[in-house]
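A.B. asks: Coordinates for the following, if possible.
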Amino acid sequence: MDERFRVLNTDTVLLLNEVMNADFQIQREDKVTDMCYAIEKIKEDAAKKAAKEAAISSAINTARRFGIADNSILDDIIKQFSLTLDEARNYMAMQTI
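C.D. replies: Okay, here's the model as predicted:
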């Protein structure tokens, strides 16, 4: 990484978030942000999200293979993964056997 871009002032990071639809984490009281740390945080968050989505997909597909009714699966994944009803329905719609 070019060292000139490793640490950016907060206003620049806020602009990047807006223009790129990014989610670089900053603390408002900080005057600068270490972009290496910010990018690593985004990567960690993406990995956690991917793992959660894989677990939800697996739970849905396994339950369907055992013949469990979709309504029961829906209730279960809402509770197990702290989803809203709409989120759970979207996951259910994406899974096909």
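
A.B. asks: Check the spacing between Asn21 and Asp45 real quick.
C.D. replies: 15 Å (Cβ to Cβ, to the nearest Å). From N, CA and C alone the C-beta is placed, and that goes for glycine too.

A.B. asks: who has more neighbours, those two?
C.D. replies: Asp45 (12 against 7; other Cβ atoms under 10 Å).

A.B. asks: burial of Glu87, as a residue count?
C.D. replies: Residues near Glu87, counting by other Cβ under 10 Å: 14.

A.B. asks: Check the one 4 residues further on too.
C.D. replies: By the other Cβ under 10 Å criterion, the neighbourhood of Tyr91 contains 20 residues.

A.B. asks: Just confirm it is within a strand.
C.D. replies: No. Tyr91: not assigned to a strand; according to DSSP: H, G, I helix; E, B strand; the rest coil it is helix.

A.B. asks: Now for it: which residues touch it?
C.D. replies: Glu53, Ile56, Ser57, Ile60, Ile77, Leu83 (Cβ atoms under 8 Å, 6 or more residues apart in numbering).

A.B. asks: Would you map the helices across the chain?
C.D. replies: Ranges of helices in the chain, per DSSP state H, are 10-20, 35-65, 70-81, 85-94.

A.B. asks: distance of Ala54 from Ile60?
C.D. replies: 11 Å.

A.B. asks: who has more neighbours, the two?
C.D. replies: Ile60 (23 against 10).

A.B. asks: Return the distance of that one relative to Gln80.
C.D. replies: In terms of Cβ to Cβ, Ile60 sits 11 Å off from Gln80.

A.B. asks: same deal with Ala38?
C.D. replies: Relative to Gln80, and taking Cβ to Cβ, Ala38 is found at 31 Å.

A.B. asks: And Ala55, by the same measure?
C.D. replies: 9 Å.

A.B. asks: Kindly report the same for Val13.
C.D. replies: From Val13 to Gln80 the distance is 35 Å (Cβ to Cβ).

A.B. asks: Please apply the same query to Arg4.
C.D. replies: The value you get for Arg4 to Gln80, if Cβ to Cβ is used, is 46 Å.
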